[in-house]
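In: I need the structure of the sequence given here:
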Amino acid sequence: MHIEKIEYGPEKEGFWAQVSFALIILLSLAAAGMTGIIFLKIISSEPSMASSRQFIEDIGKLLAFLLFDLAAIIYLYVKGLLKDEYVTTVG
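Out: Purely as a prediction, here's the structure:
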């Protein structure tokens with residue numbers, strides 16, 4: 001068995017790293033809230049209401065907001081908190 005010592009580079013520090021961390025926490029709480037709202041709407045709605053166009057549009061909007069929120073969390077993590085040697089950009 002071979003064990004290697006892994007050297008870690010310096011963590012990102014500074015104002016923008018702290019802002020990214022705070023935004024990630026807030027966006028994670030927002031994502032949890034939106035997920036709870038989606039589940040409550042699906043579980044607590046009547047079958048006749050759940051099959052209506054308005055209900056499907058509302059759930060679709062919430063899912064779109066949730067997807068945008070999760071993408072923002074990933075972006076802030078990669079650009080704001082991940083070490084520079086792991087961050088790559090396209091273009």
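In: look up how far residue 14 lies from residue 22.
Out: The gap separating residue 22 from residue 14 is 13 Å, by CB to CB, to the nearest Å. The way it works is simple: take the backbone N, C-alpha and C, and place the C-beta from them, glycine included.
In: these two - which one has more neighbours?
Out: Neighbours were counted for residue 22 and for residue 14 using other CB atoms under 10 Å; residue 22 has more, 12 against 9.
In: quickly note the distance from the more buried one to residue 60.
Out: From residue 22 across to residue 60, the span is 30 Å (CB to CB).
In: which stretches of the chain form helices?
Out: Assigned by DSSP state H, the chain shows helices spanning 15-44, 47-50, 53-76.
In: now the first one: how far from the chain's centre is it?
Out: In terms of CA atoms, centre = their mean, to the nearest Å, the gap separating the centre of helix 15-44 from the centre of its chain is 7 Å.
In: what is that helix packed up against?
Out: Applying 3 or more CB pairs under 8 Å, 6 or more residues apart in numbering; DSSP states H and E, we find helix 15-44 packed against helix 53-76.
In: can you tell me, leaving aside adjacent residues, what's nearest to the residue nearest the centre of the chain?
Out: By CA atoms, centre = their mean, the chain has its centre lying nearest to residue 70, at 2.5 Å. Ranked by CB to CB, 6 or more residues apart in numbering and with sequence neighbours excluded, the top spatial neighbour of residue 70 is residue 31, at 6.1 Å.
In: for the one you found, give me the pLDDT.
Out: Listed pLDDT for residue 31 reads 97.
In: surely it meets residue 73?
Out: Yes: here residue 31 reaches residue 73: they are 7.0 Å apart, a contact under CB atoms under 8 Å.
In: quick check: the spatially closest residue to residue 72 that is not a sequence neighbour vs residue 41, distance?
Out: Nearest non-adjacent residue to residue 72, counting by CB to CB, 6+ apart: residue 27, 5.6 Å away. Per CB to CB, residue 27 is found 21 Å from residue 41.
In: repeat for residue 26
Out: Residue 26 is 23 Å from residue 41, where distance means CB to CB.
In: over to residue 29?
Out: Applying CB to CB, the value for residue 29 to residue 41 is 19 Å.
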